[in-house]
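**Student:** fold the following and give me the result.
(2 chains)
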Amino acid sequence: MHKEPSPADRRLTTLARHLDSSSVEPMDSANQSIGVSPTSASAGARNSVFHHVVQAPEDPILGVTVAYNKDPSPVKLNLGVGAYRTEEGKPLVLNVVRKAEQLLVKDSSRVKEYLPIVGLADFNKLSAKLILGADSPAIRENRVTTVQCLSGTGSLRVGGEFLARHYHQHTIYIPAPTWGNHPKVFGLAGLSVKTYRYYDPATRGLDFQGLVEDLRSAPSGAIVLLHACAHNPTGVDPTSQQWEQIRQLIRSKALLPFFDSAYQGFATGNLDSDAQSVRMFVADGGECLVAQSYAKNMGLYGERVGALSIVCGNADVAGRVESQLKLVIRPMYSNPPIHGASIVGTILKDSSLSQEWTIELKAMADRIISMRHQLLDALHARGTPGDWSHIIKQIGMFTFTGLNSEQVAFMTKEYHIYMTSDGRISMAGLSTKTVPHLADAIHAAVTKIG
Amino acid sequence: MALLFRSRVWKSGVFGGGVARSMSTAWWRHVEPAPKDPILGVTEAFLADSSPNKVNVGVGAYRDDNGKPVVLECVREAERRIAGNLNMEYLPMGGSIKMVEETLKLAYGENSDLIKDRRIAAVQALSGTGACRLFADFQKRFSPDSQVYIPVPTWANHHNIWRDANVPQRTFHYYHPDSRGLDFASMIDDIKNAPNGSFFLLHACAHNPTGVDPSEEQWKEISYQFKVKGHYALFDMAYQGFASGDPERDAKSIRIFLEDGHLIGCAQSYAKNMGLYGQRVGCLSVVCEDEKQAVAVKSQLQQLARPMYSNPPVHGALIVSIILGDPDLKNLWLKEVKGMADRIIGMRTALRENLEKLGSPLSWEHITKQIGMFCYSGMTPEQVDRLTNEFHIYLTRNGRISMAGVTTGNVGYLANAIHEVTKSG
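**Tutor:** Numbering: from 1, shown residues only, chains lettered A, B, ... in the order given. Now for the predicted structure:
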């Protein structure tokens, strides 16, 4: 099986040398040498000051899609990146988003001027209400500052930089495992990153005991990253009771919670239910940070729409904190992009568009839940060894299958299934038609490699 | 110790439920209010003024002759094509490949060998700010011992960018207050005195805030001195097309450096020349020794972008790609850019003529010699304050006038006011 590099292996190796789809032809040897082209460094002009720069490794998640695109197999399946797909396997632009776009394009009074550094005011207020609740006392008391940022990533980075400059503790605890980009975001922001136990491979559920122990032994005041719902990559969320205990523990140690809310509405299909963890913390009067993303729940991926909210002890503090957030943003990109936030604002401030949105969102969440049940049924039908109930217990877009990297590589090679090597699959990439193929692949991987 | 901590924190018991408010407010108490942004604060004050005569010549955003913001026709058409037809999937980390390709042609030339030989590492960036920031972060990571030389004066945010990237800054002479032109001799001295291999930030055209650009001959001399010293040139090009009305002409400084074989960096923005301000569209390019190096450098730029915003916004990039990829739309754009540049050049002439007609004792030659959106008037902060307080004219206290805010309707009023505050010398 491993004697000669298969086409798949060769593809994956070639991948490492090419990062964009435009470099289709292989590099010829002429390009490898320097100094032949007339535009290369002539006598007197210097060699590159970046001569020593080595090529960076491929991004583990985005690299999966690159490999998938190169595969000519008609049965290939992309279960890598967490972007929603329809039953037909197509990207989806929500109807309500199309409507909002049309409204915007038809409005000739709209201009493209710079937004303020903190972004679109309406959007910020509506985003805070969405996550904290329209009747949130923190909002009523003007204790919340909300700034528009570039999706979840941008919100986390801006929040991290603010903390590195103004907060007394520079360590952030992130769950093991977590989204691959989290450590880099916080590292570059200037924080030092530690982990707390989260996922238990034995139960494929939450290691609550380990979580409590690790947070208990964290230094007072340390920052704790919490996935608000639909944990990425495991899909394992604490229960309400567990959240309450986590809250008490965090408050007792004066730890600072930083929520990453990338899937509000995607976990249960209900926006308010999915915000319960955050609201529980805000209700006790304490402070926290929340990073929101509209990439998945409004399908605005590439528009980069998100918001960072900091819930502060009082309005005066919130005002000063906001002024300092501006100083982080201005030298990063000056002000955020207008288009996506305008779409979100248009939808959220109109009650019938908002209503339509919640319906479309629930439909996406329901389709994913249905895929979970179908996959479990298919594995049972095949008599695949092992307990696969975690497929329907886990929540949100991803399933942490428990497959190891060898099994994953096997599935890619033999069944053209593309997923991250940690065994995470994006349920959003499945359809009724493709579930059988995936079930076959899992069955084969588990029985042949086990 | 634990007991003390608990009694301070809890009203009742250890896991009692609530948290004492006094404890939770302590975390940010020390946070000072940040200073207001000097440029954006001007617009705020303008908006708050109720005078019917008020004039805003503060922020550098283009206005038409009625003082209104402009969305270019080519942009409206591109948006019509986009709405309802395309999906919003993530761009790659390096952004829209099509947009970057077209953008490189603008800076490096349609038939650039560097493009053909794939020697340019380029990524879509968050307008000019984002491009400069990516470069600064890249410079910090891969030339960690370097510093950056920044002209005096420059756009204020340049200092913030390199500071936040933790790259030490030095300055070089640029503007000559007496001549209101370029202090070329001192600039060349600074270039010669800098250690070999220093990094320099250069404004490709339409210097912000002074409007003072080196002549072609001067650029050639600067390029030569850079070769002698082995310096690195990063060009910030935020106004291509806006300076002369001709994008090719406005890229002359860059082309001179390329002809001399320099491996430059270039930050480009579509905020002004395509009126895409709030869309945040730009590009950072780094010229490399060969294709292999360009691939490596691009991959590292992406590594810096990923933990900042993952991938750049798609909408503005689509607009740019559609316009530049369609010959008719591109021609329309070139016409519209020229229109904007011409209006500004016309206002410069009008303002100068008005001042001369009023019999001003001072020379206002620099108004028409300076280039681009801004005029560095030479007025003192006190004179600026008088303009604001007595005449409701809003501009930054360094005396920078945004010519884009000048119209046939207000140029007379503006000239009169400037004359009033400057006539006594």
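
**Student:** what pLDDT does the closest residue in space to A:Ala295 that isn't next to it in sequence get?
**Tutor:** Take A:Ala295 and drop its neighbours on the chain: the residue closest to it by C-beta to C-beta, 6 or more residues apart in numbering or on different chains is A:Tyr301, 4.6 Å away. Backbone N, C-alpha and C define where each C-beta goes, glycine included. For A:Tyr301, the pLDDT comes out at 94.

**Student:** could you check how far A:Tyr301 is from B:His315?
**Tutor:** As judged by C-beta to C-beta, to the nearest Å, A:Tyr301 and B:His315 stand 12 Å apart.

**Student:** same deal with B:Asp328?
**Tutor:** 21 Å.

**Student:** more crowded one of those two?
**Tutor:** B:His315 (26 against 10; other C-beta atoms under 10 Å in any protein chain shown).

**Student:** check the offset of the helix or strand hosting that one from the chain's centre.
**Tutor:** Assessed by DSSP states H and E, B:His315 sits inside helix B:314-325. Chain-centre distance of helix B:314-325: 20 Å, with C-alpha atoms, centre = their mean, to the nearest Å.

**Student:** repeat for stretch A:279-292
**Tutor:** Relative to its chain's centre, stretch A:279-292 lies at 20 Å (C-alpha atoms, centre = their mean).

**Student:** quick one: secondary structure of A:Glu88?
**Tutor:** At A:Glu88 the chain is in coil, as set by DSSP: H, G, I helix; E, B strand; the rest coil.

**Student:** what helix or strand does the nearest residue to it once chain neighbours are set aside sit in?
**Tutor:** Counting by C-beta to C-beta, 6+ apart, A:Ser431 is the residue found nearest to A:Glu88 once chain neighbours are left out, at 7.1 Å. Using DSSP H and E, A:Ser431 maps to neither a helix nor a strand.

**Student:** burial of A:Ser431, as a residue count?
**Tutor:** With other C-beta under 10 Å as criterion, A:Ser431 counts 17.

**Student:** what residues are up against it?
**Tutor:** For A:Ser431, the contact set (C-beta atoms under 8 Å, 6 or more residues apart in numbering or on different chains) comprises A:Arg85, A:Thr86, A:Glu87, A:Glu88, A:Gly89, A:Met371.

**Student:** between these, which is closest to A:Gln394?
**Tutor:** For these, the residue nearest A:Gln394 by C-beta to C-beta is A:Met371; the value is 12.0 Å.

**Student:** distance of that closest one relative to A:Ser389?
**Tutor:** A:Met371 sits 15 Å away from A:Ser389, going by C-beta to C-beta.

**Student:** tell me how far B:Ala34 lies from A:Leu327.
**Tutor:** In terms of C-beta to C-beta, B:Ala34 sits 5 Å off from A:Leu327.

**Student:** typo on my end, it should be B:Val75
**Tutor:** 31 Å.

**Student:** same question, B:Asp290
**Tutor:** Taking C-beta to C-beta as the measure, B:Asp290 falls 40 Å from A:Leu327.

**Student:** neighbour count winner among these two?
**Tutor:** Using other C-beta under 10 Å as the criterion, B:Asp290 and A:Leu327 rank with B:Asp290 on top: 22 against 17.

**Student:** okay, now A:Pro57: neighbour count?
**Tutor:** A count of nearby residues for A:Pro57, using other C-beta under 10 Å, gives 10.

**Student:** that one: what secondary structure?
**Tutor:** Criterion first, three-state DSSP; result for A:Pro57: coil.

**Student:** circling back: run a quick neighbour tally on the residue nearest to A:Ala295.
**Tutor:** A:Tyr301: 27 surrounding residues under other C-beta under 10 Å.

**Student:** thought it was touching B:Ser310?
**Tutor:** No: with contact defined as C-beta atoms under 8 Å, A:Tyr301 and B:Ser310 do not form a contacting pair (9.7 Å).

**Student:** who touches both of the two?
**Tutor:** Counting by C-beta under 8 Å, 6+ apart, the contacts common to A:Tyr301 and B:Ser310 are B:Tyr90.

**Student:** scan chain A for its longest helix.
**Tutor:** As assigned by DSSP state H, the longest helix anywhere in chain A is helix A:351-382.

**Student:** show me what that one is packed up against.
**Tutor:** helix A:95-106, helix A:338-348, helix A:390-393, helix A:435-448 (3 or more C-beta pairs under 8 Å, 6 or more residues apart in numbering or on different chains; DSSP states H and E).

**Student:** and the strand or helix carrying A:Gln209, what does it pack onto?
**Tutor:** Using DSSP H and E, A:Gln209 maps to helix A:208-216. For helix A:208-216, the elements it packs on are strand A:171-176, strand A:192-197, helix A:240-252, judged by 3+ C-beta pairs under 8 Å, 6+ apart.
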